[in-house]
Structures are given as structure tokens and as C-alpha cells.
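Colleague: Turn this into a structure:
(2 chains)
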Amino acid sequence: MSAPTVLVVGVGSAAVEAAREIVAQGGRAVLVRSLGSRKQCFLRIPSGIEVIEAELVGAEGSPGSFHARLRAPGGDDMVVDCSAVVLCPSTGDRPAGGAASLDERCAAEAAESVRSVAFVLPAGSPRPSFIRAVRAASELRARAARPSVAAFAAEMTAYGTDEVVYAQAQADGVLFVRTPEAEVSLDPPRVAARDQTTGREIEIFPDLLVMERRSEHAEVLTSGSFAVARGSPGMGAVATVREGILSPGPEYERLEAERVTGARAAATRAMTLAVHPEDRASRAAVVDRERCAACLTCARVCPFSAARPAEEGKASIDGALCQACGVCVGACPARALSLPSYAEVAEHEREIIMGDRQ
Amino acid sequence: MTEPIIAMFICKTARTALAGPEGGETVPPEVQVIELPCSGRVDEVMMLRALRQGAWAAMVVACLDGNCRNRTGNYQARKRVAEVRSLLSQLGLEPDRVKMFSVASNQHAWLMEALEGMRRSARQWGPIRILEGDG
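Modeller: Sure thing, here's the model as predicted:
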């Protein structure tokens, strides 16, 4: 049996990690990414992962047989057949004009001539920002030129062993200023704030200003123009409402280790579904068109939008979306719907309740 | 004094709560367990027929709010249970004979207590006085 293909969509480290995990588990990973205005991507893609520079516009089908439609930057469309899809949306950090963006490479990419650096993390920054800034700050302090480094943060969120990294950075001479809102201007770069701990005012004119974007809470995962909602907790940690499409979840609030774990979990679940796709269609609810009154109660009540009006307005159930939960069966006023897989139970239930009791 | 017959409609996921720490389901024989794919499958007819076919009370056991694997199944179940309770009281029967319970799949002790509570109440009420007759 040839290796199943799993599509991984995303530009960040989560996508790369998921793709790596797919290959490690014997699958064929196709990394689809749309760099857009980013132009560069600092991440190294391990060998064995195919990369397609395109945007995912849609995916038809079900686990084991998806047809994913991709649109390349030139406007050409292509279809990739795959067994499962892993979506890894990223926050899309975009730096304020003139300031560098806080990412893994900002310290390495800083010019040699930089003599003073300021990191600014306003209140509402994603959880992992602080420790990323601390690591970058330490890296800069380790340079021969020993630039002065100050970090302005609303909260010093160093978890677990990260506290050691934080303490070391302070010992290295990184100046930490606790402030919910630093005054930042860009021409020339200037940062001013009042440290909440000591009450002292501080104002610096750094050569390099590194900022984190304030994150917005996002319920819907987007990857290009393809939006999929997360599943409920009962459906599994990495599920979306669509079977066969997985996602580690929103990236911005996650620490590095959580991101890696989430990406691997999504990849593992994708491989499981790719290798053992369930035959969903045979379990789907069935419409008795003679009884159906085209009232669309089922369509309104279905949590998965699997029930839709079809010919003559009567209900039709999409086998790929139906989760065989039975909510529509119970709701149908005409008793036109049934779950074939539960027909035996219905008979049995009748028997055991009737029994010979009185 | 015969033991009350209780019908328990329980979804596949919540059914794990019926199993005790040793692993087996410890349900007395008078309790008829009917497994549903989702609590949202339960409907008014199912609950009423359970009563007319001999059950003294019916429990609908669903997952906790927000935890339904089908997102809204347990909300549907709650609506339909409320409808049946309303019908029962309009028919002159005790609405508490049909009751909804929300459990996590590890709440075995809680579910057993709830079951005991229903059996105690059912002993007070006795069987349904309207029987499915020949007419």
C-alpha cells in the first residue's frame, strides 16, 4: 500500500512540525503555503516534505479521498488528492512600519552596528512572546559588541524552566521594565515608560526596536480563504467540524512546546484517518422521501449542516458531513428520517421495555 | 413490593459513566438501558412509549453542556425532555417521571446516586395509571 498523502497548510513552525511528523509516520506530506506579503520564510523545511507555494481554496470529499483545490500566486488552479488535511493557521505577525517583528530570527538578523535594542510587548501580547523576547535579548547581549538591551513588558510570563532563562537574562544585563503601555514612536525610534515595580521613568532611543503585534481572539481558523470552525471538545482535541480536516488550533496563545505537541497530535490523527478512513456515508441518516414534508426542521437542527433541501425541497443528507448523531431523526415531525445503524437497537429497545412486566 | 422499572436513555459517550472503577456496568436488572448515538436522538415519542410500555420513570442521560461531541445534541435533548414533562403534567401525571441528567463520562458515582434518587421517587409514584390497553 502506498503512503497516504496528507496536506499540511500553513507558513509557521506548526505546519513544518506537522509535516515532519507525517513523514516520520510513513505518510507523504505536502506542505501548502501562501507567503503572500511576507516574501521570506525563515523556517528550514526538512527533506522529504514537498512544498507547494499556493493558497488552499477548498477541499471536497471525505477522509481517505479529498480533492483539495489550490491556487498558485500566478492564478493557476490545481487539484491535489489527499487522505486528510492539517490546517495550521498563523497569526501573520506584521511589524509596525520601521520596527522589526518578534520572531525566532530577529536577534540573528539584527545588523552588526546595532548598539541599543528595545523589545516592546504591550498588554494583550500572546503568551509565548515574553520568553521569545527574553531569548532574543540574551542572544543580542551575547554579541561581542554587547549592545544595551531593554525589554518593556506588561507581564513577565516565564513558565517553568523558562524562569531560569529569565534569571540568566537579567544576570546578563538585560534591563526589564514592567509597564502595561510603553510610549513608542518610530521616527526616531523612542520608547518611554514608567516601571511599575520601581516607579522610575525611563526613556531610551534604541537603534533597533522589536515589537509584538497585539493579538485578536479568533474562533474561526482561516487558511487563506478557507475557513473551518473548530469542533466541540467531545470531537477530539485537534478536530474541526469536518471529519478528516484537523487543526492544532489557534497559534498565538501557545507556548513553543504546546505548538509542537499540537502539530504532532493533528498529524497523528490525520495519519490515523488516512490509513483507516471510516465509511461515513453508510452510517448517514436516511430520508424517506414519501414521508418528508420538506419542512426543513432537520436542516435547521443539524449541528453539521448535513441536511439540506434538495429536489422538491425535500431533505437530502450529505454523507460526508453526517455524524449519525440522530438529532434530525428525533426532530422530524413526519418521522421521515432514520439511522440505519440503529435500526436493530430500536427493535431491541422495544423488546426489552415491553418484556413481560406489568 | 416490586422494584420500579426505570428506562435510561443514555448516549454512547455518557455510557462510559455507567461503568464502575473495576470496569463493568453495575446497573440493577430493573433499569433498562437504551443506548443512543447522541442524546439528541431522544424524542418525545420515545420517552412517552417507554412509560406506556411499563417504565415507571425515564431518565435521559446526556453529556455536560458544551461537551456534546455533536455540539448541540444535548441541548435538543433538554428541549424535548422539557416538552414531555409539560405534556405529562397536562395529562395529570408527575412531570418528574421524566428527567434529564448531565454527566461527564467519569462521573460514575454521581450517576449511580442519581439513579438511586429516581428509583426512590419512582417507588413513591408507583407505575403509570394509564396503561397501553387493547382499545
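Colleague: From here on, just use CA atoms for contacts and neighbour counts.
Modeller: OK.
Colleague: give me the low-pLDDT residue ranges for chain B?
Modeller: B:1, B:130-135 (pLDDT under 70).
Colleague: Can you show me the strands along it?
Modeller: Taking DSSP state E as the criterion, chain B carries its strands at B:6-11, B:31-36, B:57-63, B:98-103.
Colleague: Same list as before, the ones you listed that is, but in a markdown table and with distance to A:Ser138 and mean neighbour count included.
Modeller: Converted to a markdown table, the strands of chain B look like this (distance: least, CA to CA, whole Å; neighbours: other CA atoms under 10 Å in any protein chain shown):
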| stretch | distance to A:Ser138 | mean neighbour count |
| --- | --- | --- |
| strand B:6-11 | 54 | 25 |
| strand B:31-36 | 58 | 20 |
| strand B:57-63 | 49 | 26 |
| strand B:98-103 | 49 | 19 |
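Colleague: Format those strands as a markdown table; extra columns: distance to chain A.
Modeller: Below are the strands of chain B laid out as a markdown table (distance: least, CA to the nearest CA, whole Å):
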| stretch | distance to chain A |
| --- | --- |
| strand B:6-11 | 8 |
| strand B:31-36 | 6 |
| strand B:57-63 | 9 |
| strand B:98-103 | 13 |
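Colleague: These: which one's closest to A:Gly326?
Modeller: For those, proximity to A:Gly326 was assessed by CA to CA; strand B:31-36 is nearest, at 8.2 Å.
Colleague: mind listing what's buried in stretch A:294-311?
Modeller: By neighbour count on 16 or more other CA atoms under 10 Å in any protein chain shown, the buried set for stretch A:294-311 is A:Ala294, A:Leu296, A:Cys298, A:Ala299, A:Val301, A:Cys302, A:Pro303, A:Phe304, A:Ala306, A:Ala307, A:Arg308.
Colleague: same question but for stretch B:15-31, I mixed them up
Modeller: Residues of stretch B:15-31 classed as buried by neighbour count (16+ other CA under 10 Å): B:Arg15, B:Thr16, B:Ala17, B:Leu18, B:Ala19, B:Gly20, B:Val31.
Colleague: Please apply the same query to stretch A:169-189.
Modeller: Buried residues in stretch A:169-189 (16+ other CA under 10 Å): A:169, A:173-182, A:184, A:189.
Colleague: again, but for stretch B:87-107
Modeller: Those would be B:87-88, B:93-107, for stretch B:87-107 by 16+ other CA under 10 Å.
Colleague: how far does it stretch from start to finish?
Modeller: The straight-line separation of the ends of stretch B:87-107 (CA to CA, to the nearest Å) is 30 Å.
Colleague: Which parts of chain A are helices?
Modeller: A:13-24, A:106-109, A:129-141, A:162-171, A:256-275, A:297-301, A:327-331, A:343-354 (DSSP state H).
Colleague: residues from chain B in reach of chain A?
Modeller: B:7, B:32, B:34-35, B:37-43, B:50, B:53-55, B:66-73, B:76 (CA under 8 Å from any CA of the partner chain).
Colleague: 6 Å - rerun?
Modeller: B:Pro37, B:Cys38, B:Gly40, B:Arg41, B:Val42, B:Asp43, B:Gln53, B:Asn67, B:Cys68, B:Arg69, B:Arg71 (CA under 6 Å from any CA of the partner chain).
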